[in-house]
Structures are given as C-alpha cells and as structure tokens.
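**Student:** can you look at this prediction? I've put the sequence above it.
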Amino acid sequence: MSWTSRFGNLGRFSPFTRSPPQGSTTQAADDLGPSRDTDMLSLRNKGQSYAVHFPAYSIAKGGLTVGQVREQAGRKIGVDARRVKLIFQGKNLKDDARLCKQEGLKHEAQVLLTIGDMPSASGSDDEDDSVDGVEDSADPDNAKRRRNRNKNKKRRNKPKTSGTSTPDASNLGVPIPPPQTSRAPSPKPPQSAEQKIASLRDTLHTYAKEVDVFDRTPPTEPAKREFEHKRLSETILTQVLLKLDAVETEGDQEARAKRKELVKETQGVLKNLDDAAVRHAS
C-alpha cells in the first residue's frame, strides 16, 4: 500500500486546511463557507475595529470557544482577558466554555467589545484578621498595649453622669409626646419584563439625544472628542445593552419581541455613534 493511499485523508479534519474538505457533499462545503486561509472576527471598540484570526473553518466545525476569542481579544488590545466583555447581537457572551458556533458566530462576524473592571479579590477581611492574630501572639507586650488603648477608648466614649438626677417630666406636668414608631417603607412590587424593557428604552432615548448632539456639534479638540465618544459608547453598552441582556422574559413572546427590537435599536445608536466618530476624525 502506498503512503498516499494510507494517509490520503490526514488533513480532512484539520482546522488549518485552506479549502473545504475534498470529497464532502456540496451542502457540507456550503456550510463551511468560501475557501479561506483563516477564520476572522471583527471586534469593535471605541470606534475602531480589530481583526482577530483563528484556524480556517474552526468556527463552523465547532473547534473555537468563547474563551479563546476572549483571550485573543485581550492580547490584541493589551488588557487582561478577564476584563474583556464580548457582545454579539445584543447577547453578552459570558460562558467561556460555549462554542462560538453555538452562539451564532460565523466567519467575519462583528462583535462588540468593552473593557470592564478587574474582578475584585475576596477574603481581604480574613487576611487582616489573621495578620492581627500573628502580631498579638508574636508580641505579648504589643497585645497588652492594644487592650489598654481599647479600654481607654471605651472609657472616654462612656457618657458622663452627674450626681443630681434629672427631674421626671411627668412630675412637672409637661405632656410627654407618644413614642414614634418607625415603619419601614413598603417594598415596591417587582417590575415585569415589559416594564424593565420600557425603562431601558427611555434610558436609550436619553442617550440617543446626546449621540445626535455629538454627531451635529462634536468637540473640536480631538482628545475631548475621543473622550466623549468613549463615554457615550461605554455608557450605552453598560446601562442599556448589558442590562437588557439580563432581562428574563420567562417565555413571554411579546416581551421577547420587544427586547429583540430594543437590542437592534441600541446597536443602531452605537453604530451611528461610531460612524460619527470616524467621520469627524477624518
């Protein structure tokens, strides 16, 4: 048996092949898309687009995860990948284990990218307590001084009482007001999905007016113009799009349709903002 016949199918399943697998059906080739060297995703952030590349057909074949895209995006813009948030068609891609194919991503898809805060470290209180405990056990005199300081502090904070007693107001005939009872305010009823969507739509319309002002009369200085563009885009992403993603429709088809409509409207506002930034920068 020749080497070619024995290993003729070696590259059939490789994600690095240049063209769709030979010998597959026409339908399978159409699913993989046109012949190409790599799969590419376009990441939009602050009016700029960043192209990130992956092995050819790795998205369609289910070989690329959201976590791999997040890592590549972090390296591309020079930040920790844990700060990178990816949004595709109004959905926040949170689960790194999910396949890009499952999220609907395809070759040359556009993904919104925003940078969040670094996750805070937990357990700081426990660390402080353990440090105090080590110091006390290592230096008994220091622990004694600290206890004395605490006693003196309590003694100073203790209210002073005089030798004379305060006369009772009831004996002087002064009316005593009834005790006031503090009642906690009644909790507001939870908002429905449609109410949350309507509230987010009002928020978007507020920022849409600012986007219109930015488009017509942007700041003349490039630094101020870039700052205003960044402020508006990141505010709309965090205050509208990410909150909209968290709204649970619970099977309500009407609420789901309204949420989808608002997602498209929000993406349109963001696109207008990015186009205005590019136009005024030129």
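**Tutor:** Thanks, I have the structure now. Residues are numbered from 1 along each chain as shown.
**Student:** spatially, and excluding backbone neighbours, which residue is closest to residue 49.
**Tutor:** Computed as Cβ to Cβ, 6 or more residues apart in numbering, the closest residue to residue 49 that is not its neighbour in sequence is residue 42, at 5.2 Å. Glycine gets a C-beta too; all of them are placed from N, C-alpha and C.
**Student:** hmm, residue 50 and that neighbour touching each other?
**Tutor:** Yes: the pair residue 42 and residue 50 qualifies as a contact (Cβ atoms under 8 Å) at a distance of 7.4 Å.
**Student:** break the protein into its domains for me.
**Tutor:** 15-115, 193-281 (automatic domain parsing).
**Student:** of these, which shows the lowest average pLDDT?
**Tutor:** Lowest mean pLDDT within these: domain 15-115, at a mean of 83.
**Student:** what is the burial count for residue 106?
**Tutor:** 12 (other Cβ atoms under 10 Å).
**Student:** which residues are in contact with it?
**Tutor:** For residue 106, the contact set (Cβ atoms under 8 Å, 6 or more residues apart in numbering) comprises 33, 59, 60.
**Student:** name the helix or strand for it, please.
**Tutor:** Under DSSP states H and E, no helix or strand contains residue 106.
**Student:** ok so, going back, could you dump the contacts of residue 106 to a markdown table with distance to residue 81?
**Tutor:** Compiled in a markdown table, the contacts of residue 106 are given as follows (distance: Cβ to Cβ, whole Å):
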| residue | distance to residue 81 |
| --- | --- |
| 33 | 27 |
| 59 | 19 |
| 60 | 24 |
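**Student:** any chance of a markdown table for these, columns distance to residue 214 and secondary structure?
**Tutor:** Shown next, in a markdown table, are the contacts of residue 106 (distance: Cβ to Cβ, whole Å; DSSP: H, G, I helix; E, B strand; the rest coil):
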| residue | distance to residue 214 | secondary structure |
| --- | --- | --- |
| 33 | 37 | coil |
| 59 | 35 | coil |
| 60 | 38 | coil |
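**Student:** looking at these, which is nearest residue 205?
**Tutor:** Nearest to residue 205 among the contacts of residue 106 is residue 59, at 35.5 Å by Cβ to Cβ.
**Student:** distance check, the closest one against residue 87.
**Tutor:** Distance, residue 59 to residue 87, by Cβ to Cβ, to the nearest Å: 17 Å.
**Student:** ok but residue 49 is inside a helix, no?
**Tutor:** No: with DSSP: H, G, I helix; E, B strand; the rest coil as the criterion, residue 49 is assigned strand and is not in a helix.
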